[in-house]
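Visitor: Sequence and predicted model, in that order:
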Amino acid sequence: MTELALAVFASETGTHLLRPPNGRGWSSHLRAFDAAGYEQQLAARGYRFVARSAHGFPALLQAIHDPPTGLFVRGEAELELLSRPAVAVVGARACSGYGASVGRSLGRELARAGLVVVSGMARGVDAEAHRGALDAGGATVAVLGCGIDRDYPAAHAELARRIAASGLLVSEYAPGVEPAPWRFPARNRIVAGLCAATVVVEARERSGALITADLALEEGREVFAVPGEITSSLSAGTNALLKLGASPLTGAEDVLESFGLAPAEPPRETSGLLDLLPATADELVRRTGRPASEIARALVELELAGAVAAHDGIYRVH
């Protein structure tokens with residue numbers, strides 16, 4: 001398998017290769033490479049490799065102008081998961097509490113409606129989108145910017161385990177490849193490439209999430225951006241995307257409509273807040289005795305679900 005040999009050669013030489021290079025180094029590697037033996041080693045560690053030319057390689061990713069040579073895969077789900085209708089949910093690593101709530105709620109609602117939620121397992125919005133999909137019992141795919149055997153960041157090892165148990169982790173990098181800054185923009189093209197739509201929740205002016213959005217726009221895919229406060233640096237990137245023609249996102253329904261899907265029937269509201277409305281967030285904190293962050297998260301989720309609406313700081317049943 002020339003594609004597997006090329007993926008391993010690129011990993012071992014620390015280069016970004018999509019096609020066989022000229023030179024004796026590559027020729028020597030190809031002659032010596034034992035594809036069957038390497039695949040056996042991968043299988044022994046619970047990994048798989050799907051080549052760019054293979055039948056199971058996702059068509060949307062194949063269609064981008066620089067698809068990876070192949071994907072190393074970790075997880076229990078079938079490879080077919082990579083070809084199902086999918087949406088990327090990305091955003092700032094150092095996101096706000098609001099951004100984290102929106103990312104998790106979107107992941108939950110999109111997965112509940114049957115879409116695969118794709119992100120980069122980074123801190124902040126990415127991780128929350130994965131967690132939301134898992135909360136809903138839905139499917140999620142994490143695209144890594146390092147070897148398929150690495151959990152990056154290390155603090156997300158448990159999240160990676162949960163994703164692998166029901167979904168997939170994928171990377172164009174072979175086992176043993178360390179994370180490096182230049183690998184993450186390359187990773188982002190795979191995040192965008194797997195999906196028909198990309199949602200950016202929060203992003204600073206030079207956020208990596210904007211790279212994902214730009215790549216999606218270049219490929220003619222739909223891009224949504226969550227509008228933010230004009231005074232917040234975390235909204236600078238998303239508001240700039242809106243000026244460039246991205247669709248404003250006001251709820252999961254905006255994305256679902258682009259896929260021709262209806263929202264799933266929401267689960268029974270369990271926060272207990274609806275019975276206390278109308279009220280301000282501060283009043284709810286005082287009356288329930290619960291932390292302000294917990295109340296804020298619940299209110300955001302209720303707003304995204306269309307159950308409540310806020311006006312002049314007062315929340316009312318919608």
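Guide: Looks like it came in fine. Quick caveat, the model's predicted, so the values are computed rather than measured.
Visitor: so what's S271 closest to, chain neighbours aside?
Guide: Using CB to CB, 6 or more residues apart in numbering and skipping residues adjacent in sequence, the residue nearest S271 is A298, 4.3 Å away. In this view, the C-beta of every residue, glycine as well, is placed from N, C-alpha and C.
Visitor: Tell me how many other residues crowd that neighbour.
Guide: 21 (other CB atoms under 10 Å).
Visitor: how far away is it from A100?
Guide: To A100, A298 is 13 Å away according to CB to CB, to the nearest Å.
Visitor: mind listing what F184 touches?
Guide: The contact partners of F184, by CB atoms under 8 Å, 6 or more residues apart in numbering, come to 120, 145, 208.
Visitor: Would you map the strands across the chain?
Guide: With DSSP state E, the ranges of strands along the chain come out as 47-51, 70-74, 86-90, 116-119, 140-143, 168-171, 197-200, 222-225, 247-248, 279-280, 308-311, 314-317.
Visitor: for the stretch 201-318 of the chain, what spans make up the helices?
Guide: Using DSSP state H, counting those that start in this stretch, the helices of the stretch 201-318 of the chain run over 208-218, 236-243, 252-258, 281-288, 292-304.
Visitor: and of these, who's closest to E172?
Guide: helix 208-218 (14.4 Å; CB to CB).
Visitor: distance between the closest one and the chain's centre?
Guide: Chain-centre distance of helix 208-218: 13 Å, with CA atoms, centre = their mean, to the nearest Å.
Visitor: Give me the angle between it and helix 236-243.
Guide: 20 degrees (axes from the mean of the first three to the mean of the last three CA atoms, to 10 degrees).
Visitor: and the angle for helix 208-218 with strand 86-90?
Guide: Taking the same axes, to 10 degrees, helix 208-218 and strand 86-90 form an angle of 150 degrees between their directions.
Visitor: List the contacts of helix 208-218.
Guide: Taking CB under 8 Å, 6+ apart as the rule, helix 208-218 contacts 64-65, 88, 90-92, 122, 125, 184-185, 188-189, 191-193, 195, 197-198, 200-203, 222-223, 225, 237, 240-241, 244-246.
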